[in-house]
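Trainee: One predicted model, sequence on top.
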Amino acid sequence: MQHTEGGRVMERGDTSTSWGDLAALFDGAEEQEWQEHALCAQTDPEAFFPEKGGSTREAKRICQGCDVRAECLEYALAHDERFGIWGGLSERERRKLKKRAG
Ligand code: SF4
């Protein structure tokens with residue numbers, strides 16, 4: 001009897017571990033899905049991380065035509081990305097947006 005219970009506990013433990021792994025895999029897949037459509041990946045990535053005071057115009061122009069702009073911006077806000085242009089917004093613009101959102 002005790003043996004069986006012990007076995008069941010072990011099994012349950014195993015199951016929860018693989019669920020955790022699956023969830024992690026799924027998260028990763030979800031992130032990558034929109035990134036596959038990222039227009040910036042096909043252009044010069046340096047434009048998206050300009051030097052301080054550098055122009056962000058070219059990067060923002062590319063974002064305007066990007067299919068996954070909303071996902072990209074959402075990701076940057078959720079992960080508190082501090083550097084670079086994401087979803088057509090600069091670091092300062094994202095900060096303002098966050099403040100406005102409350
Ligand atoms: S919105 Fe801009 S930064 Fe985001 S994936 Fe598209 S091109 Fe890249």
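Mentor: Now that the structure is in, tell me what you want to look at.
Trainee: hang on, Glu91 packs against Gly84?
Mentor: Yes. Between Glu91 and Gly84 there is a contact at 7.1 Å, judged by CB atoms under 8 Å. In this view, the C-beta of every residue, glycine as well, is placed from N, C-alpha and C.
Trainee: Would you mind listing what in this protein touches the ligand?
Mentor: 38-40, 48, 62-63, 66, 68-69, 72, 85-88 (CB under 6 Å from any ligand atom).
Trainee: so where is this protein shaky, pLDDT-wise?
Mentor: The chain contains residues with pLDDT under 70 at 1-32.
Trainee: Buried members of the residues of the chain next to the ligand into PyMOL, please.
Mentor: In PyMOL, this line selects whichever of the residues of the chain next to the ligand come out buried by 16 or more other CB atoms under 10 Å:
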select buried, resi 38+40+48+62+63+66+68+69+72+85+86+87+88
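Trainee: who's more crowded, Glu91 and Gly84?
Mentor: Shown here are Glu91 and Gly84; by other CB atoms under 10 Å, Gly84 has more neighbours (18 against 14).
Trainee: May I have the secondary structure class of that one?
Mentor: At Gly84, secondary structure determined by DSSP: H, G, I helix; E, B strand; the rest coil is coil.
Trainee: ok, the closest residue to it other than its chain neighbours - contacts?
Mentor: The shortest distance from Gly84 to any non-neighbouring residue, by CB to CB, 6 or more residues apart in numbering, is to Phe49 (4.4 Å). By CB atoms under 8 Å, 6 or more residues apart in numbering, the contact set of Phe49 is Phe83, Gly84, Ile85.
Trainee: Which of those sits closest to the ligand?
Mentor: Distance ranking of the contacts of Phe49 against the ligand, using CB to the nearest ligand atom, places Ile85 first at 5.6 Å.
Trainee: end-to-end on stretch 55-72?
Mentor: Stretch 55-72 has its terminal residues 20 Å apart, counting by CA to CA, to the nearest Å.
Trainee: Also stretch 49-68?
Mentor: End-to-end for stretch 49-68, by CA to CA: 18 Å.
Trainee: do stretch 75-90 as well
Mentor: Note: stretch 75-90 ends 14 Å apart using CA to CA.
Trainee: Please name the nearest non-neighbouring residue to Ala41.
Mentor: Gln35 (7.1 Å).
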